[in-house]
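1. Provided below are the primary sequence and the corresponding predicted coordinates.
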Amino acid sequence: MPLFAVLLAGCVTLPAEDGEPSPSASLSIGSTPAPTRAPGTTPTPTRAATPTPTRSPNSSCSDRRIILEPSAEGGMSINGSGYIPGDTFVLRSSTTNWTYLSLNNFQGTAACPFTVTNEGGQVKMLYGFGITSSTYVRVIGNGSPNTLYGFHVEDQLPDAQGVAFGIYEKSAHIEVSHISIHHKEYGFWIKNEANCDTSINNWVLDDIAVHDVKITNTDSQGFYMGSTDPNNFDRPIICDGVTRYYAPSRLGNIRIYNNFIDTTGRGGIQLSGASTGQSKIYNNVVRNNGTQLDDAQGVGIVLGGYTRAHVYNNDIKNTLTWGIAALGSTQLIIENNTIDKSGQLGSNLLNWPANIYVDTRSTIPVELTTFIVRNNTLGSRGSQMSYAIDIGKLKDTYSTTGNYICNNLMLNSGSPATPHVAAGVVWSDRCP
């Protein structure tokens with residue numbers, strides 16, 4: 001069974017059928033900017049005006065508008081060969097039996113991306129979307145003027161299964177927006193584990209933006225991005241009878257913004273192995289993370305090994321463990337976040353989580369960690385945790401310059417948030 005089928009539908013075998021199209025209009029590329037909002041409020045999805053189809057006589061972009069109809073079982077898998085950069089694929093809300101849409105080997109361009117959009121209202125899907133080995137593809141649910149989320153993915157089984165939206169293998173330059181997801185095992189899965197095809201291991205899942213998305217009631221992560229074993233110490237694979245410990249794909253320039261994530265079995269937003277460029281996680285509302293009650297999980301926003309990220313303007317509340325954690329990240333800025341009730345999920349209380357936790361992990365070769373933690377507003381936390389900010393030192397790999405903890409305040413009193421910093425870590429309380 002194809003990987004996308006397993007991940008989209010749990011263990012359900014999905015039909016794979018190629019779509020044959022027909023035509024008329026291309027959408028312009030570009031991320032919708034994240035709006036400002038008051039802390040604690042749900043981000044309001046932004047909407048770009050529906051563009052008027054235009055085409056220069058000398059343009060190489062297609063202006064075809066291709067209506068997709070699923071197979072009798074409700075699914076469709078399309079290979080990119082035969083399609084032209086700039087093609088727009090349309091799913092109509094009047095088609096009520098959609099289960100999944102899989103796009104494979106689409107190669108758009110920055111000027112002429114492939115676009116998938118909705119028409120006539122919200123399109124409801126059972127399993128969701130998969131994008132494999134594709135570049136310059138947009139899935140944008142803003143095709144109906146009065147519909148905030150043009151696509152809705154929801155499992156109908158009592159136990160949620162599968163991934164609502166997966167991005168795999170040699171994919172890059174992907175934009176996803178205006179989708180709601182409810183009752184799935186995972187919201188987004190953007191990652192590759194080690195593969196016998198080493199060209200996949202060497203690929204960077206680069207320039208992927210997800211914004212204006214609503215994710216509720218997932219059994220595991222809201223966003224699962226990058227392998228949680230980026231060195232591959234523990235996940236061997238067999239290639240031609242030989243056991244291999246290939247390091248999995250890295251990620252880069254990930255942008256996760258203006259999303260609402262509420263009630264996840266594990267973490268809300270998890271990003272690991274994002275070593276290329278700088279990834280950004282901002283303007284998200286994250287709530288009620290860790291309902292599996294596994295205290296190795298349940299962080300609002302967690303960054304794993306090698307990740308270089310700027311995490312800012314997020315509103316995080318009611319997490320089983322930390323509000324924000326960085327475990328092995330190498331270049332880190334955490335600022336202007338509001339974090340409350342860390343270690344407090346319903347009636348489940350842990351006594352040890354801080355609001356923000358930073359620590360080091362093994363990197364090969366060794367990469368030094370630098371951190372800036374500033375201008376955050378921090379509320380209640382674990383009952384026996386005296387500090388809202390905790391800097392650990394599992395490995396002695398902090399840089400001796402560039403580390404700052406400054407201008408962080410307590411939510412209720414407005415007093416300075418005093419950090420705990422492990423012995424030997426060099427840092428300053430004077431903001432750069």
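-> All right, it came through fine. Residues are numbered from 1 along each chain as shown.

2. just name the shakiest helix or strand of the chain by mean pLDDT.
-> helix 3-9 (a mean of 46; mean pLDDT, DSSP states H and E).

3. pull up the pairing partners for whichever helix or strand comes after it, direction included.
-> Next along the chain after helix 3-9, taking DSSP states H and E as the criterion, comes strand 65-67. Applying DSSP bridges, strand 65-67 is found paired with strand 88-92 (parallel).

4. please compute how far the partner strand lies from its chain's middle.
-> 24 Å (CA atoms, centre = their mean, to the nearest Å).

5. repeat for stretch 205-224
-> The chain centroid and the centroid of stretch 205-224 are separated by 4 Å under CA atoms, centre = their mean.

6. quick one, what contacts residue 167?
-> Contact partners of residue 167, counting by CB atoms under 8 Å, 6 or more residues apart in numbering, are 130-131, 174, 188-190, 205, 208. Heads up, the C-betas are built off the backbone N, CA and C, glycines and all.

7. 7 Å - rerun?
-> Contact analysis of residue 167 by CB atoms under 7 Å, 6 or more residues apart in numbering lists 131, 174, 190, 205, 208.

8. who is it paired with across the strands?
-> residue 131, residue 190.

9. show me the helices in the chain, by range?
-> With DSSP state H as the criterion, the chain has helices at 3-9, 198-201.

10. my guess is residue 137 contacts residue 117, does it?
-> No. Using CB atoms under 7 Å, residue 137 is not in contact with residue 117, being 11.8 Å away.

11. now do the domain split for the chain, please.
-> The record's domain parsing of the chain by automatic domain parsing lists 1-32+61-140+161-175, 205-432.

12. possible to save those as JSON lines with distance to residue 196?
-> JSON lines is the format used below for the domains of the chain (distance: least, CB to CB, whole Å):
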{"stretch": "domain 1-32+61-140+161-175", "distance to residue 196": "13"}
{"stretch": "domain 205-432", "distance to residue 196": "4"}
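
13. quick one: which of the ones you listed is nearest residue 155?
-> Closest approach to residue 155 among the domains of the chain (CB to CB): domain 1-32+61-140+161-175, 5.9 Å.

14. okay, residue 60: pLDDT?
-> Here the pLDDT value assigned to residue 60 is 86.

15. spatially central residue for this structure, please.
-> Ranked by distance to the mean C-alpha position of the chain (CA atoms, centre = their mean), the top residue is residue 223 at 4.1 Å.

16. state the distance from that residue to residue 251.
-> Residue 223 sits 12 Å away from residue 251, taking CB to CB, to the nearest Å as the criterion.

17. next: residue 159.
-> Residue 159 is 29 Å from residue 251, by CB to CB.

18. ok, residue 259 next?
-> Distance from residue 259 to residue 251, by CB to CB: 17 Å.

19. next one: residue 381
-> For residue 381, the distance to residue 251 - CB to CB - is 29 Å.

20. residue 261 now?
-> When residue 261 is compared with residue 251 (using CB to CB), they lie 19 Å apart.

21. quick one: contacts for residue 217?
-> Residue 217 touches 182-183, 263, counting by CB under 7 Å, 6+ apart.

22. cool, residue 177 as well?
-> By CB under 7 Å, 6+ apart, the residues touching residue 177 are 32, 140-142, 211-213.

23. among those, who's most crowded?
-> residue 213 (29 neighbours; other CB atoms under 10 Å).

24. so that residue sits against residue 179, correct?
-> Yes. With contact defined as CB under 7 Å, residue 213 and residue 179 form a contacting pair (5.1 Å).

25. list the contacts for the nearest residue to residue 172 once chain neighbours are set aside?
-> Using CB to CB, 6 or more residues apart in numbering and skipping the chain neighbours, the partner closest in space to residue 172 is residue 206 (4.4 Å). Going by CB under 7 Å, 6+ apart, residue 206 touches 172, 252-253, 276.

26. before we move on, what about residue 119?
-> 90, 92-93, 143-144.

27. for stretch 313-329, what is the spacing between the initial and final residues?
-> Using CA to CA, to the nearest Å, one end of stretch 313-329 lies 19 Å from the other.

28. I should have written stretch 358-375 there, sorry.
-> 16 Å.

29. one step back: now render the contacts of residue 167 as CSV, adding neighbour count, distance to residue 229 and pLDDT.
-> Output for the contacts of residue 167, formatted as CSV (neighbours: other CB atoms under 10 Å; distance: CB to CB, whole Å; pLDDT from 0 to 100):
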residue, neighbour count, distance to residue 229, pLDDT
131, 26, 23, 98
174, 24, 24, 98
190, 26, 16, 98
205, 27, 16, 98
208, 24, 20, 98
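
30. pull the most distant pair out of those.
-> 131 and 205 (10.5 Å).

31. which residues do these two both contact?
-> Joint contacts of residue 131 and residue 205 (CB under 7 Å, 6+ apart) are 167, 171.

32. can I get stretch 380-388 in PDB? Just the C-alpha atoms.
-> Output in PDB follows, covering the C-alpha atoms of stretch 380-388 (Å, rounded to 0.1, in the frame of the first residue of the first chain):
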ATOM      1  CA  SER A 380       1.000  29.600  36.200                       C
ATOM      2  CA  ARG A 381       3.100  26.400  35.900                       C
ATOM      3  CA  GLY A 382       3.900  23.200  37.800                       C
ATOM      4  CA  SER A 383       3.100  23.500  41.500                       C
ATOM      5  CA  GLN A 384       6.700  22.800  42.600                       C
ATOM      6  CA  MET A 385       8.400  24.800  39.800                       C
ATOM      7  CA  SER A 386       9.700  28.000  41.200                       C
ATOM      8  CA  TYR A 387      10.800  29.400  37.900                       C
ATOM      9  CA  ALA A 388       8.800  30.200  34.700                       C
END
